[in-house]
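Asks: Just the structure for this:
(one chain, ligands or ions: 1)
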Amino acid sequence: MTHVFTIAIDGPAGAGKGTLARRLADHYRLNLLDTGLTYRAVAYALIQHALPLDNVSAAETAARQVNLANLDRAVLSAHAVGEAASKVAVYPTVRRILVEKQRDFAKTPPGAVLDGRDIGTVVCPEADIKLYVTASAEVRARRRLAEIESIGGTADFTEILADIVRRDERDMGRADSPLKPAADAHLLDTSEMAIEAAFLAAMAIIDDVLAKRDKA
Ligand code: C5P
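Replies: The predicted structure is shown next:
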């Protein structure tokens, strides 16, 4: 059987996982899945149908209909959709449906970089490389503000920070698949690190694992 290579990237909202995942997928020529988009797609479907986010059976139906090849980042990236996603993400049945799709994606050769909250712990516990990317809540809020301002928007730092803290609490505090580093994850704190430095640090970790494997 050909070995598919898996890189699992977990961490809180705004830590820089997405950019890092994209850079690594390009560099190592792997498929890429932002699993957050799958939870966002479920939340978006409920919002579109004016259904409450705690309608679990509607969320399950929406989860079954999620098509990984057809996730529209432009539509799903809205802040409110992210908030809503973290509410539907607490339901174990919804998670099970999405996790199955994510695992199938990971198994497709030549392998994939997946980023999310539970990749190293639940979705791909056998991943070749696990990274846990984090940054202080203040730094993440400052980055988010800069991002909004760079596209001509305005926002309040204190509100953004409060949102980030609330989302962290929801993601880390839920009973099913809470956000936490896998025991064998490499920690990457990007608080004081630009994305290029984080990419280089991740590459060093991955190349080291690959070199050791070649020797074994
Ligand atoms: O990463 P992103 O902000 O797009 O994720 C939106 C929400 O989806 C997260 O706050 C989290 O609650 C949920 N999520 C999850 N497990 C994942 C990815 C995202 O629970 N693997």
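Asks: which residues sit in contact with Asp163?
Replies: By CB atoms under 8 Å, 6 or more residues apart in numbering, the contact list for Asp163 reads His79, Glu83. For glycine as for every other residue, the C-beta is placed from the backbone atoms N, C-alpha and C.
Asks: Could you check how far the host helix or strand of it is from the centre of its chain?
Replies: Asp163 belongs to helix 157-173 when assigned by DSSP states H and E. With CA atoms, centre = their mean, to the nearest Å as the basis, helix 157-173 stands 16 Å off its chain's centre.
Asks: when you give positions from now on, start the count at 10
Replies: Done: numbering now begins at 10, and the last item shifts to helix 166-182.
Asks: Spell out which parts of the protein neighbour the ligand.
Replies: 22, 44-45, 48-49, 91, 94-95, 98, 125-127, 176, 180 (CB under 6 Å from any ligand atom).
Asks: do that again at 8 Å, thanks
Replies: Residues of the chain lying near the ligand by CB under 8 Å from any ligand atom: 19, 22-23, 26-27, 43-49, 85-86, 91-92, 94-96, 98-99, 104, 107, 111, 123-128, 132, 176, 179-180, 183, 186, 188.
Asks: who does the helix or strand just after the helix holding Asp172 pair up with?
Replies: Counting by DSSP H and E, the next helix or strand C-terminal to helix 166-182 is strand 195-198. Paired with strand 195-198 in the same sheet, following DSSP bridges, are strand 138-143 (parallel).
Asks: what's the partner strand in contact with?
Replies: 15-21, 24-26, 29, 128-129, 190-191, 193-200, 207, 211, 214-215, 218.
Asks: One more: stretch 74-87?
Replies: 42-43, 46-47, 49-51, 53-54, 90, 106-107, 110-111, 114.
Asks: Which of those fall within strands?
Replies: Leu42, Asp43 (DSSP state E).
Asks: Confidence-wise, which of the contacts of stretch 74-87 comes last?
Replies: Within the set of those, pLDDT is lowest for Val90 (95).
Asks: Spit out the contact partners of the nearest residue to that residue once chain neighbours are set aside.
Replies: Nearest non-adjacent residue to Val90, counting by CB to CB, 6 or more residues apart in numbering: Arg49, 5.0 Å away. Contact partners of Arg49, counting by CB under 8 Å, 6+ apart, are Leu80, Leu85, Ser86, Val90, Gly91, Ala93, Ala94.
Asks: Try it again at 10 Å.
Replies: If you count contacts by CB atoms under 10 Å, 6 or more residues apart in numbering, Arg49 has them with 43, 75, 80-82, 84-87, 90-95, 97-98.
Asks: residues of the host helix or strand of Arg152 that come out buried?
Replies: Assigned by DSSP H and E, Arg152 belongs to helix 146-159. Buried residues in helix 146-159, counted by 16 or more other CB atoms under 10 Å: Ala146, Val148, Arg149, Ala150, Arg151, Arg152, Arg153, Leu154.
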